[in-house]
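# coords please:
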Amino acid sequence: MKYSFLKRIKRFIARYVFRLFFSKSFKFFGKKVFIESPDIIEGEEYISLENNVYIGSMCWLLAYKQDNINPVLQIGIDSTVGRFSHIVVLRSVLIEKNVAIADKVYISDNLHGTNDLNIPIKNQPVDFKGEVVIGEGCWIGENVSIIGAKIGKNSIIAAGSVVSGTIPDYSIVMGNPARVIGNRLKKAKIND
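Alright, predicted model coming up:
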């Protein structure tokens, strides 16, 4: 009980100090946003965090402006991003409201360039793969990679999946590459 109370006080102070010193550098920083001990935050002028967003410890948020197009990273109301997650944006990543993202999740709208065999991959320009949209109410399991994908609302992405395509609403998805293995609407009707 005592530990829990002290932890709440520490988190309140950390939230207040972060808001006081850093929130103005973001494109939008809503009420009750909490970023717990971030690893790296770059391009915060392109990052919008809506009300009640929680970002777990050691997360890396990168909105990278490579050309004349401003990147957009938006995390919706009441969404959470687990510890050690990476979100890398070249153009657009939209995480809608009430999304739960587990620990160690990688989300990106881009890939390293690999076209020139005479240049090391790390020295090639980053290539835009596709806009990322994670629909309202989704659950993203641990160690998932999402690259240039659109995930429909209220979908479940199983731990360890690699998603790079379009996923319909209410889907249950797993695998590498990810594939739809079920539909939550059908399961709900069966249980009624």
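# going forward, measure contacts and count neighbours with C-alpha atoms only.
Will do.
# Could you tell me how many residues sit around the closest residue to Ser37 other than its chain neighbours?
Counting by CA to CA, 6 or more residues apart in numbering, Ser37 lies nearest to Ser57, which is 4.8 Å off, once chain neighbours are set aside. Neighbour count for Ser57, taken as other CA atoms under 10 Å: 17.
# quick one: secondary structure of Ser57?
coil (DSSP: H, G, I helix; E, B strand; the rest coil).
# got the residue ranges for the helices in this protein?
Using DSSP state H, the helices found in the chain span residues 2-22, 184-191.
# pLDDT weak spots in this structure?
Low-confidence segments of the chain, defined by pLDDT under 70: 1-3, 187-192.
# circling back to that earlier point, what are the neighbouring residues in contact with the residue nearest to Ser37?
If you count contacts by CA atoms under 8 Å, 6 or more residues apart in numbering, Ser57 has them with Ile35, Glu36, Ser37, Pro38, Asp39, Gly82, Arg83, Phe84.
# got a list of what Lys129 touches?
Here Lys129 is in contact with Asp109, Asn110, Leu111, Ile147, Gly148 (CA under 8 Å, 6+ apart).
# Tell me which residues touch Leu49, please.
Here Leu49 is in contact with Phe28, Phe29, Gly30, Val33, Gln74, Ile75, Gly76, Ile77 (CA under 8 Å, 6+ apart).
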